[in-house]
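A.B. asks: Please work out how this folds:
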Amino acid sequence: MRRRSPRRTRRSNGVAVGRTRRIAISTIPGARARRQPRPRTGDSPAATGDRAGARTAPNEGRMKRHVPMRQTREQRFWARVEKTSSCWFLRSKPNDQGYGIFDNRGQKEKAHRVAWELTNGPIPDGLNVLHNCPGGDNRRCCNPAHLWLGTLKDNSQDMMAKGTNKKQLLAGEDNPKAKLTWVKVREIRERLSTGGVTQLQLAAEYGCKRVAISYIATGRNWKEPNDCRQAA
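C.D. replies: Alright, predicted model coming up:
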């Protein structure tokens with residue numbers, strides 16, 4: 001059987017490459033070593049002699065990039081507050097209820113509560129931050145001088161006294177949607193007290209729902225001024 005001749009050795013980038021092994025030229029007798037660059041006249045060894053060392057520190061001698069410090073919650077909040085001679089407003093879109101909203105890194109917080117916490121400390125459990133603006137309560141206001149703490153009862157009484165409770169319904173005949181009058185209500189109560197008629201019959205006669213007749217009978221609705229009965 002004829003033996004195959006070995007593949008010729010080729011050279012690439014100063015290295016002799018065979019089929020199964022690589023031989024550096026520096027190990028071959030008579031091979032010329034790679035010539036090193038000569039330093040220029042007048043250059044110091046630190047500038048030209050240690051080129052490899054200079055390559056290991058590419059940022060040496062450059063100005064370091066300034067990395068700003070991360071702002072705190074207090075700094076970010078007050079930076080967005082617009083202060084006037086009376087009320088202070090957070091430059092943000094209010095929510096559906098009219099309160100200013102502070103975006104604390106994805107967490108939505110009411111601006112007036114944040115202003116109170118940053119000025120007076122944590123809000124105690126069971127208390128709310130209420131408004132007392134001189135020109136009328138403004139839900140967007142976050143001036144700590146216009147805020148005070150109170151319970152839910154204090155909040156309801158304060159809104160009723162100032163007439164700012166939009167959900168408050170007018171009672172009795174003052175309600176424009178009322179289907180009955182005081183004359184009819186007193187007549188219904190008198191007929192229920194004497195008996196002989198059901199609430200369903202009275203509802204059909206007076207054009208209202210049976211539950212309305214029930215609330216009239218128990219005193220839950222259409223309370224008399226001197227009626228001390230408790231709502232059922």
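
A.B. asks: May I see the buried residues of the longest helix seen in the chain?
C.D. replies: Secondary structure of the chain per DSSP state H: the longest helix is helix 182-194. Residues 184-185, 188-189, 192 are the ones in helix 182-194 that count as buried (16 or more other CB atoms under 10 Å). All C-beta spots, glycine's among them, are computed from the backbone N, C-alpha and C.

A.B. asks: If you count contacts, what does that helix end up packed against?
C.D. replies: For helix 182-194, the elements it packs on are helix 199-206, helix 210-218, judged by 3 or more CB pairs under 8 Å, 6 or more residues apart in numbering; DSSP states H and E.

A.B. asks: And the longest one, what does it pack against?
C.D. replies: Taking 3+ CB pairs under 8 Å, 6+ apart as the contact definition, the neighbouring helices and strands of helix 210-218 are helix 182-194, helix 199-206.

A.B. asks: out of those, which comes closest to T151?
C.D. replies: T151 lies closest to helix 182-194 among the helices and strands packed on helix 210-218, at 33.4 Å (CB to CB).

A.B. asks: quick one: the longest helix of the chain to helix 199-206, angle?
C.D. replies: Using axes from the mean of the first three to the mean of the last three CA atoms, to 10 degrees, the inter-axis angle of helix 182-194 relative to helix 199-206 is 150 degrees.

A.B. asks: Contacts for helix 182-194 next, please.
C.D. replies: Residues outside helix 182-194 that contact it (CB atoms under 8 Å, 6 or more residues apart in numbering) are 172-173, 180, 197, 199, 202, 206, 213, 216-217, 222.
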